[in-house]
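Peer 1: Can you look at this prediction? I've put the sequence above it.
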Amino acid sequence: MKHLVITGNGGAALNALRAIRSVSRSHNITLISGEDCPAYSPVLTTHYLCGTISYRKMFICNRDFYRSHGVKTILGDGAVAVEPDRQRVVLAGGQAVPYDELLVATGSSVTVPPIPGAGECLTLWSAADARRIKGVSQNASTVAVVGAGLIGLQIVDALWRRKKKMIVIEMQDRVLPRVMDAAGAAIMQERLEGAGVQLRLGQQVWEVAQRGGGKGLRLSSGETVEADVVVFATGVRPNTGLLEGSGVALSPGVTVDEGGRTSAEHIYAAGDVAQGTHPITGRTQVNATWTNAVEGGWVAGLNMAGGSGFSRWRPARVNILSPLGLPVASLGEVDSPESGYDELVRRNGSTYRKLVFHRHRLVGAVLVGEVEAAGILSHLMDRETLSPVVEARLRQRSPFHAANGPWEPLQQEVV
Amino acid sequence: MGQMLIVDPARCTGCRSCETACSTFREGESSLYKCRVKVVRFPEELFFYPVVCQQCETPLCAVPCPTNALQKDSQTGLVELIKDRCVGCKMCVTACPFGAITLVDGHPIKCDLCAGEPACTRLCEPGAITLGDDEGMGLTQRLLLAGKVREAYLAK
């Protein structure tokens, strides 16, 4: 019987808990989180913001869940340091909790660029953030969102549905950078502009100044944009604070192998905080998605409990969203990183599909307009080599495309 | 033991009656989009395959669901979508390896076997989709295959 400690209370932490209990009832488990509330899903915050679900519904489990899983919880007193040689975790309140196996699942938090005035602006990540934005934007007519990534566009979608005038400022020259390729982003951009969302692409914010009741954003183009409320959605970084100085390898996320193990013995990491290795490019990357957290948590949990689990390379980033009613899905690599990759592109009005191959492996896909094949493709991406029949099918035509007219002739773009 | 839809691609003519049946009876409109069953068509080879939910024993669609809206009913064997819980995050779509979850206005719909009398099976004239026991599935598939081999053998 071991004492397993989980720091964090999100998708990775909860699923680790379920995994441990799926193999053993006897281990003692302690769950530590800095937030004094049951677990909630960041996936749901924008749904709350737009009014489709209540505040309460953001919470994905209640306190009974922890009780029925036989877990001791320490909520509202987060872990601030890990001492691997003494096998213990130190909490903000000064208490030290010893562990036999530790899971670091502390997630990530929003970063705001070092711009004058940005610190006083809103961000969206936690349940509390969502409540704050909802309150402040109640009487606002214009909302500026800085950053047109996944979170940025979900905020735009939520507040646009609540009839706010939206202005989006993005440093890159396209919306959804890193998530969409250029052609997919162009379709999204068209949809946003068609809905009356104002875009300022390729521009940085230099300063946010107080202007009467609202704010003025000075852009790199020299223009000043006025808005009642400003929300920054400029990215997230892994919460590795508790491992600083502990000797556990960070880069910047916690380096893990496919079993969720870190460089230190008895310490595991999963979810947004963990950084896995891409089997093809060899690069390590953080992957702040719910699916990754759920899967990484399960694998790490099994290993902590003495079972054996390993993570298939889930295309790393699997993202699906439908801002302003246009469904888009992005899987794995959306742009060929270097030579040795080839891409197939098909377009049909506002339906767009792109597959990225590396030799005989499917490594990425972009789906715009119709996304139902996302699951099929993401599972095909798990295979190191596609069977010749499947690969030929994928390359010839779109076999999963059920309910529409024929595609335009295939274009093959070898990069 | 539960029930599931059993598909015989050799009988499917690609008429898409199942799609219209599903949308008409369940969504109240005749639509080739708002249907739980979708016929994948390979017109050049005259091959058609209706894709249906497999009512998986370990439903992968339920794994990433942040609201536990998808659940396997141990009594009926159905993988059920609890509408009140679903917020439309679409992650089930990225998880289903069969592409069996359809989006209608951003929200998923999935096959629940129409409470035991699937509309698609009633309208499938050639009998390509039928309702059967999942445990009898192996036997059914064996019979289908054996039937085809027999046909080929007799035609020689």
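Peer 2: Arrived safely. Numbers count the residues shown, from 1 in each chain, chains lettered A, B, ... in the order given.
Peer 1: residue boundaries of the helices in chain B?
Peer 2: Applying DSSP state H to chain B gives helices spanning B:17-22, B:91-95, B:119-123, B:137-155.
Peer 1: what's the second one in contact with?
Peer 2: Okay, so that is helix B:91-95. A:43, A:290-291, A:318, A:320, A:329, A:331, A:371-372, A:374-375, A:378, B:60-66, B:70, B:101, B:103, B:108 (C-beta atoms under 8 Å, 6 or more residues apart in numbering or on different chains). Using the backbone N, CA and C atoms, a C-beta is placed for each residue, glycine as well.
Peer 1: Let's see that with 6 Å instead.
Peer 2: A:318, A:320, A:371, A:374-375, A:378, B:60-61, B:63-65, B:70, B:101, B:108 (C-beta atoms under 6 Å, 6 or more residues apart in numbering or on different chains).
Peer 1: mind checking the SS state of A:Met166?
Peer 2: When classified by DSSP: H, G, I helix; E, B strand; the rest coil, A:Met166 comes out as strand.
Peer 1: For it, list the residues it contacts.
Peer 2: Contact analysis of A:Met166 by C-beta under 6 Å, 6+ apart lists A:Val143, A:Val156, A:Trp160, A:Val197.
Peer 1: Going by neighbour count, which of those residues comes out on top?
Peer 2: A:Val156 (27 neighbours; other C-beta atoms under 10 Å in any protein chain shown).
Peer 1: helix or strand for that residue, which one?
Peer 2: helix A:150-161 (DSSP states H and E).
Peer 1: mind checking how far the residue in the stretch 1-150 of chain A positioned nearest to chain B is from A:Pro388?
Peer 2: Of all residues in the stretch 1-150 of chain A, A:Ser41 sits closest to chain B, at 3.7 Å by C-beta to the nearest C-beta. According to C-beta to C-beta, to the nearest Å, A:Ser41 stands 40 Å off from A:Pro388.
Peer 1: higher neighbour count, these two?
Peer 2: Per other C-beta under 10 Å, whichever of A:Ser41 and A:Pro388 has more neighbours is A:Ser41, with 24 against 9.
Peer 1: For the closest residue to A:Val197 other than its chain neighbours, report the pLDDT, please.
Peer 2: Leaving aside its chain neighbours, A:Val197 sits nearest to A:Met166 (4.6 Å; criterion: C-beta to C-beta, 6 or more residues apart in numbering or on different chains). A:Met166 carries a pLDDT value of 97.
Peer 1: What are the neighbouring residues in contact with the residue most central in space within chain B?
Peer 2: Closest to where the C-alpha atoms of chain B average out (C-alpha atoms, centre = their mean) is B:Val52, at 1.6 Å. Counting by C-beta under 6 Å, 6+ apart, B:Val52 touches B:Leu5, B:Val37, B:Cys111.
Peer 1: Can you lay out the residues you listed as JSON lines showing neighbour count?
Peer 2: Listed next are the contacts of B:Val52 as JSON lines, based on neighbours: other C-beta atoms under 10 Å in any protein chain shown:
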{"residue": "B:Leu5", "neighbour count": "23"}
{"residue": "B:Val37", "neighbour count": "26"}
{"residue": "B:Cys111", "neighbour count": "24"}
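Peer 1: any chance you could map the helices in the stretch 201-350 of chain A?
Peer 2: Secondary structure of the stretch 201-350 of chain A (DSSP state H, counting those that start in this stretch): helices at A:290-304.
Peer 1: Next to chain B, which bits of it? Give me the list.
Peer 2: Where the stretch 201-350 of chain A comes near chain B, counting by C-beta under 6 Å from any C-beta of the partner chain, the residues are A:Thr291, A:Val294, A:Val318, A:Ile320, A:Ser322.
Peer 1: Which members of these are classed as buried?
Peer 2: A:Thr291, A:Val294, A:Val318, A:Ile320, A:Ser322 (16 or more other C-beta atoms under 10 Å in any protein chain shown).
Peer 1: Confirm for me that the last one is in contact with B:Val104.
Peer 2: No: A:Ser322 sits out of contact with B:Val104 when judged by C-beta atoms under 6 Å, with a separation of 11.8 Å.
Peer 1: Residue ranges in chain B under the pLDDT threshold?
Peer 2: In the predicted model of chain B, residues B:1, B:136-138, B:155-156 satisfy pLDDT under 70.
Peer 1: All the strands of it, in order from the start?
Peer 2: When secondary structure is read from DSSP state E, chain B shows strands at B:3-7, B:38-42, B:47-51, B:70-72, B:79-81, B:102-104, B:107-109, B:129-133.
Peer 1: partners of the residue nearest to A:Val197 in the sheet?
Peer 2: Listed by DSSP bridges, the beta-bridge partners for A:Met166 are A:Val143.
Peer 1: Compute the number of surrounding residues for the closest residue to B:Ile6 other than its chain neighbours.
Peer 2: Once flanking residues are discounted, B:Ile6 sits nearest to B:Gly132: 4.4 Å by C-beta to C-beta, 6+ apart. The number of residues packed near B:Gly132 is 15, by other C-beta under 10 Å.
Peer 1: Likewise for A:Val80?
Peer 2: Number of residues near A:Val80 (other C-beta under 10 Å) recorded here: 16.
Peer 1: show me what contacts the nearest residue to it once chain neighbours are set aside?
Peer 2: Sequence neighbours aside, A:Ala92 is the residue nearest to A:Val80 in space, at 5.1 Å (criterion: C-beta to C-beta, 6+ apart). Residues in contact with A:Ala92 (C-beta under 6 Å, 6+ apart) are A:Asp77, A:Gly78, A:Val80.
Peer 1: will you turn those into a markdown table that also has secondary structure and pLDDT?
Peer 2: Formatted as a markdown table, the contacts of A:Ala92 follow (DSSP: H, G, I helix; E, B strand; the rest coil; pLDDT from 0 to 100):
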| residue | secondary structure | pLDDT |
| --- | --- | --- |
| A:Asp77 | coil | 95 |
| A:Gly78 | coil | 94 |
| A:Val80 | strand | 96 |
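Peer 1: What residues are recorded as beta-bridge partners of A:Lys354?
Peer 2: Counting by DSSP bridges, A:Lys354 forms beta bridges with A:Val345, A:Val366.
Peer 1: Could you check how far it is from A:Glu170?
Peer 2: The span separating A:Lys354 from A:Glu170 equals 21 Å under the rule C-beta to C-beta.
Peer 1: try B:Arg16
Peer 2: 42 Å.
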